[in-house]
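S.K.: Prediction below, plus the sequence it came from.
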Amino acid sequence: MYAKEMVKQSLPLLILCGIGAILAGSTLGAMTEVLQNIPGLIVVIPGIIALRGTISTTFGSRLGSAYHLGIIDADNMWNEDLKQNILGSLILSVFVSISIGILAYVTSLLFQVQPDPLKLILIVLIAGCLSALILTFLTVGITYQIFKRGYDPDNITGPALATFGDIITMLCIFGSAVFVEAMV
């Protein structure tokens, strides 16, 4: 009976996740001109998408575990444990975004592409921080709603946050690249 319930909870979401992946790919397709104007930006995309997906899904898993253990509940949502998890997620996003920007710059140099290091790192930092803010609060909201409805967060948060993370991060990369290109 558990398998039937898991399929009932997960299948509609997995179908939506497939549609979301197509949307994220379409966003990448729309970035052709931006990718041509900013050398090395294509190197950033897999790393920053993996970053956001990993941090968001891990954060969602931690919240699901905290709900199951009774550390966080609907009546005591904004307690110190949740605040510390949010802060940790955001700080981790900033440091890893900077690291990805630096690694993308070095990798670009290895492939004899000459990107502007400041521009590349700034794009990654803005995109990483902006997507971190959006996805952190989305993670809290999704986990809360799932638990409130009596579903198992472990069946839903992982695929949902990975897909939302891809879409939101691609949009943030695109937006930050256009913003940095116009400002620098």
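M.R.: Now that the structure is in, tell me what you want to look at. Since the structure is predicted, the reported quantities are computational estimates derived from the model, not experimental observations.

S.K.: Is residue 168 in contact with residue 49, as I believe?
M.R.: No: counting by C-beta atoms under 8 Å, residue 168 does not reach residue 49; the two are 10.0 Å apart. Just so you know, the C-beta spots here come from the backbone N, C-alpha and C atoms, and that holds for glycine as well.

S.K.: Quick one: the helices in the protein, in order.
M.R.: Along the chain, counting by DSSP state H, helices occupy 2-30, 32-37, 41-69, 80-110, 117-148, 153-183.

S.K.: Only C-alpha atoms, please: export stretch 72-87 in PDB.
M.R.: Once non-C-alpha atoms are left out, stretch 72-87 reads as follows in PDB (Å, rounded to 0.1, in the frame of the first residue of the first chain):
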ATOM      1  CA  ILE A  72       9.900  22.300  13.500                       C
ATOM      2  CA  ASP A  73       6.100  22.200  13.400                       C
ATOM      3  CA  ALA A  74       3.300  24.300  11.900                       C
ATOM      4  CA  ASP A  75       2.700  26.200  15.200                       C
ATOM      5  CA  ASN A  76       6.400  26.800  15.800                       C
ATOM      6  CA  MET A  77       7.600  27.400  12.300                       C
ATOM      7  CA  TRP A  78      10.100  30.300  12.700                       C
ATOM      8  CA  ASN A  79      12.100  28.900  15.600                       C
ATOM      9  CA  GLU A  80      15.900  29.100  16.000                       C
ATOM     10  CA  ASP A  81      16.600  25.800  14.200                       C
ATOM     11  CA  LEU A  82      14.800  27.000  11.100                       C
ATOM     12  CA  LYS A  83      16.600  30.400  11.200                       C
ATOM     13  CA  GLN A  84      20.000  28.700  11.600                       C
ATOM     14  CA  ASN A  85      19.200  26.400   8.600                       C
ATOM     15  CA  ILE A  86      18.200  29.300   6.500                       C
ATOM     16  CA  LEU A  87      21.300  31.300   7.400                       C
END
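
S.K.: Looking at it now, give me its mean pLDDT.
M.R.: In this model, stretch 72-87 has an average pLDDT of 84.

S.K.: In that stretch, which residues are buried?
M.R.: Within stretch 72-87, the residues that count as buried by 16 or more other C-beta atoms under 10 Å are 72, 82, 85, 86.

S.K.: Quick check: phi and psi at the first one.
M.R.: The phi and psi torsions at residue 72 (degrees, to the nearest 10) take the values phi -130, psi 130.
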